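>>> need coordinates for the following:
(2 chains)
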Amino acid sequence: MEKKFRHLLLEKAKTYPRFTGDLSPHGCRYDVLTGAWVLEDSGRLLAESPEPPRLKTKKEDIETGEDQKAE
Amino acid sequence: MQEIKPSVVILASRYDFTCDYVVSRLRSRGVSYLRLNSEDLTSLGLNLDPLAPRLDGRADGFSFSVTPQDLRAIFFRRPVFLRETDSSPRTPEEQFERSQWAAFMRSFMVFDNCRWMNHPTATYKAENKAIQLLYASRTGLKVPATLITNTIDRLGTVTEGSAIAVKGLETVLVRDRDFETFGYTSLIEPDVIGSSEISSSPMVAQQALQHKLDLRVTVVDQDVFCAAVTESGKPIYGDWRLRKNDAAFSEFELPSEISSLCVKLVKHLGLTFGAIDLAFQDGQYFFLEINPTGEWAWLLREPGFPIDEAIERYLTWVE
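Next up, the predicted model:
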């Protein structure tokens, strides 16, 4: 998709399909009392599992910079 | 029904996975904590007495009371203002709820006798790039020549004829229906800038450091963790986030003087946590920017910085 913008910063910016899917990590549920994501099968904290699936770290996060928290 | 009287309150989003690491640390230490996410607030029954101050709440299966007597720290990971980045039409009810709950989260500022990481007012100020550069310079860090401008008149002050680094004064993130546009730092030749549209909005124009080594410095109170960002063992030209899939992060030993300046900068900005981007070039360290709510979870595994432990130590301090 080709977008045309006027301002230099927008012309140089990257445009990509917007992610509108579920951000929930696969195989996990959010435990309100625990205050963290837990693995469905074991109840173990996702953060403590050896291979956390699709954790939203700097490398894996959807490219919205670090301001996604503003949404 | 379980009742929680937390010594640590986490204000976040369910999808802020960084907080999960902090929760893990708090649980391992047996610390009483409460995490409130924006997405979950409508399912809770909440009563905040701003004068006491005191927050009482009910959730499915547990209740909680937040009081100054028990509360030692708040880990604040919510926006301090709502940005104009979403084109999705919100219903009047959604607009209403969004703004009211955001204000509710900020209302935790009534708990002003505990530690904050970071306090919303400090975050609001520190997120401003102009303020960041000023404070960094005053602290003693080198800062590239910078203009915040919408005109070409004085671009010569930030270039010696070579490319200029241009970026947004605020995060460049816009959405239009099914697409999203995100702006990285771009290195642009002056004549290209001269023939471009820049008058409609200010931007940051900065002396380009074209042979820099990117350093991500994470400051937690007095603790400093520094990672170099490389690709195939070499510095990355331009905005390294464009190469993030191939980027590697390795521990980098900062000179003690630079570490101290980073700690000092965070403190001067009224923060207790800061993710600082430095550029190392020709033996000199340049400050680029600081993010009061910067991410750090990816640094836990590579290069293995115990940032979660440092945060937990700060939040669970004992005099």
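
>>> what about the helices in chain A?
A:8-12 (DSSP state H).

>>> low-confidence bits of it, can you list those?
Residues of chain A that meet the criterion pLDDT under 70 lie in A:1-4, A:51-71.

>>> for chain B, what's the nearest residue on it?
Using C-beta to the nearest C-beta, the closest approach of chain A to chain B is made by A:Gly35 at 3.0 Å. All C-beta spots, glycine's among them, are computed from the backbone N, C-alpha and C.

>>> I'd say that residue and B:Val23 touch.
Yes. Shown here, A:Gly35 and B:Val23 form a contact pair, counting by C-beta atoms under 8 Å, at 5.1 Å.

>>> for chain A, what are the nearby residues on the stretch 51-200 of chain B?
When proximity is defined as C-beta under 8 Å from any C-beta of the partner chain, the stretch 51-200 of chain B approaches chain A at B:59-62, B:77-79, B:81-83, B:85-86, B:166-168, B:171-184, B:186, B:188, B:193, B:196-198, B:200.

>>> check contacts around the residue of chain A closest to chain B.
B:Ile10, B:Cys19, B:Val23, B:Tyr33, B:Leu34, B:Arg35 (C-beta atoms under 8 Å, 6 or more residues apart in numbering or on different chains).

>>> recalculate using a threshold of 10 Å.
A:45, B:4, B:6, B:10, B:12, B:14, B:19-20, B:22-23, B:26-27, B:33-37, B:40 (C-beta atoms under 10 Å, 6 or more residues apart in numbering or on different chains).

>>> got it, and B:Ala73?
If you count contacts by C-beta under 10 Å, 6+ apart, then B:Ala73 has B:6-10, B:31, B:33, B:111, B:114-117, B:272, B:311-312, B:314-317 around it.

>>> can you check B:Thr42 too?
B:Glu97, B:Trp101.

>>> and the residue of chain B that's closest to chain A?
As assessed by C-beta to the nearest C-beta, chain A sits closest to B:Arg35 within chain B, at 3.0 Å.

>>> quick check: end-to-end length of stretch B:34-44?
Stretch B:34-44 has its terminal residues 13 Å apart, counting by C-alpha to C-alpha, to the nearest Å.

>>> what of stretch B:116-131?
Start-to-end, stretch B:116-131 (C-alpha to C-alpha) is 21 Å.

>>> A:Gly43 contacts A:Thr34, correct?
Yes. Using C-beta atoms under 10 Å, A:Gly43 is in contact with A:Thr34, at 8.9 Å.

>>> between the two, which is the more surrounded one?
A:Thr34 (16 against 10; other C-beta atoms under 10 Å in any protein chain shown).

>>> still on that earlier bit, per-residue confidence at the residue of chain B closest to chain A?
Listed pLDDT for B:Arg35 reads 98.

>>> same thing with B:Trp101?
With respect to pLDDT, B:Trp101 has a value of 94.

>>> count the neighbours of it for me.
16.

>>> for it, which non-adjacent residue is closest in space?
Leaving out its chain neighbours, the residue that sits closest to B:Trp101 by C-beta to C-beta, 6 or more residues apart in numbering or on different chains is B:Leu41, at 5.2 Å.

>>> distance of that neighbour from B:Asp239?
Distance from B:Leu41 to B:Asp239, counting by C-beta to C-beta, to the nearest Å: 36 Å.

>>> for B:Val174, same thing?
18 Å.

>>> which one's more surrounded, these two?
Taking other C-beta under 10 Å, B:Val174 and B:Asp239 do not tie; B:Val174 has more neighbours (19 against 16).

>>> in this structure that one contacts B:Ser201, no?
No. B:Val174 is beyond contact range of B:Ser201, at 11.4 Å (criterion: C-beta under 10 Å).

>>> what do the two both touch?
With C-beta under 10 Å, 6+ apart, B:Val174 and B:Ser201 have common neighbours A:Leu10.

>>> got the contact list for the nearest residue to B:Leu187 once chain neighbours are set aside?
Spatial nearest neighbour of B:Leu187, excluding adjacent residues (C-beta to C-beta, 6+ apart): B:Ala163 at 4.1 Å. For B:Ala163, the contacting residues are B:Ser186, B:Leu187, B:Ile188, B:Glu189, B:Pro190, B:Val192, B:Ile193, B:Gln207, B:Ala208, B:Gln210, B:Gly238, by C-beta under 10 Å, 6+ apart.

>>> mind doing that once more with 8 Å?
B:Leu187, B:Ile188, B:Glu189, B:Pro190, B:Ala208, B:Gln210.

>>> ramachandran angles for it?
phi -60, psi 150 (degrees, to the nearest 10).

>>> now B:Asp246
Main-chain dihedrals, B:Asp246, degrees, to the nearest 10: phi -110, psi 0.

>>> list the buried residues of stretch B:24-43.
Judged by neighbour count (16 or more other C-beta atoms under 10 Å in any protein chain shown), stretch B:24-43 contains these buried residues: B:Ser24, B:Arg25, B:Leu26, B:Arg27, B:Val31, B:Tyr33, B:Leu34, B:Arg35, B:Leu36, B:Asn37, B:Ser38.

>>> helix or strand for the first one, which one?
So that's B:Ser24. Using DSSP states H and E, B:Ser24 falls within helix B:18-28.
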